[in-house]
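Peer 1: Turn this into a structure:
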Amino acid sequence: MNSTLTTLPSWARTSELMEHYYLTEWGVPVTDETGVFERVSLEVFQCGLSWSTILARREAFREVFHSFEVDRVAAMGESDVERLMGDRRIIRNRRKIEATIGNARAAQALREEGTDLATLLWRYVPERTYAPRTQEEIPSRDETSTQMSKDLKARGFSFVGPTTCFALMEAIGIVDTHLVTSPRRGSSGVFDSDGHRTCAVAR
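Peer 2: Predicted coordinates:
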C-alpha cells in the first residue's frame with residue numbers, strides 16, 4: 001500500500017475529493033492575497049460544517065465570489081447578498097455571506113497599512129512547527145492562532161476564531177502538522193522533516 005495513503009488523517013479518507021485535496025493542496029504554502037482570501041473565506045463557510053461540504057461547492061463559491069478577487073468581493077452589496085441567498089449551489093447563510101464581503105473590505109484596508117492579507121498572516125509562521133506522531137497530538141488551536149484571531153478581529157475580520165485560524169494555518173502551510181511518519185512531512189518547503197523552519201519567509 002502507498003505509504004502516503006497509510007498516514008492520511010481520518011478526515012482525508014472520507015472521499016476521493018478529500019484525499020485529493022489533502023495530497024495536492026493541504027499544507028502547501030499559499031502566499032498571494034487572492035489565494036489566502038479564498039482560503040479564509042472557505043474556512044468562514046466551513047464553520048459548523050464538514051470540509052467536504054465546502055470542497056464540493058468550491059467552484060460555485062469561486063463563481064459567485066468573483067474568483068475571490070478582494071476588490072470585486074468588497075464591492076458587493078445587499079442586492080448581491082440577496083442573490084446569493086437564493087443560490088442553492090452554495091451555503092446560503094446570510095451571516096457568512098456578509099462576513100465574506102466584510103472580510104474583503106477589511107483586506108482592502110490592510111493595504112492602507114502598506115501590507116496585505118497574505119503578508120499579515122505569514123508573519124505568524126513559527127521558527128519550529130509541531131512534530132506529531134499521532135493525530136491526537138495535533139491541537140485544534142494554540143497561542144499563535146489565538147493571537148492571529150485577535151489581530152484579524154481587531155482589523156475588522158469576522159468568523160475568524162482561534163480554531164478557524166489554526167485550521168487556516170495548517171491549510172496554507174504556516175504550520176506543518178503532517179505526522180512525522182508521513183512522506184508529506186516537510187513537503188511544503190517551509191519546514192524540514194524535523195519541524196525546523198528552512199526559509200526566512202515563504203513569500
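Peer 1: Can you point out the helix or strand that includes the closest residue to N93 other than its chain neighbours?
Peer 2: Closest residue to N93 apart from its sequence neighbours, by C-beta to C-beta, 6 or more residues apart in numbering: F45 at 7.2 Å. C-beta: built from backbone N, CA, C; applies to glycine. Element membership of F45, judged by DSSP states H and E, is helix 33-46.
Peer 1: can you check P132 too?
Peer 2: Per DSSP H and E, there is no helix or strand for P132.
Peer 1: same question, C199
Peer 2: Going by DSSP H and E, C199 is not in any helix or strand.
Peer 1: For the nearest residue to it once chain neighbours are set aside, give me phi and psi.
Peer 2: Once flanking residues are discounted, C199 sits nearest to V190: 6.1 Å by C-beta to C-beta, 6+ apart. According to degrees, to the nearest 10, the main-chain angles of V190 amount to phi -80, psi -40.
Peer 1: now T177: how far from E25?
Peer 2: T177 sits 14 Å away from E25, going by C-beta to C-beta, to the nearest Å.
Peer 1: These two - which one has more neighbours?
Peer 2: T177 (21 against 14; other C-beta atoms under 10 Å).
Peer 1: For burial, what's the neighbour tally of the residue nearest to C199?
Peer 2: With other C-beta under 10 Å as criterion, V190 counts 23.
Peer 1: Could I get the contacting residues of it?
Peer 2: 29, 125, 173-174, 176, 197-199, 202 (C-beta atoms under 8 Å, 6 or more residues apart in numbering).
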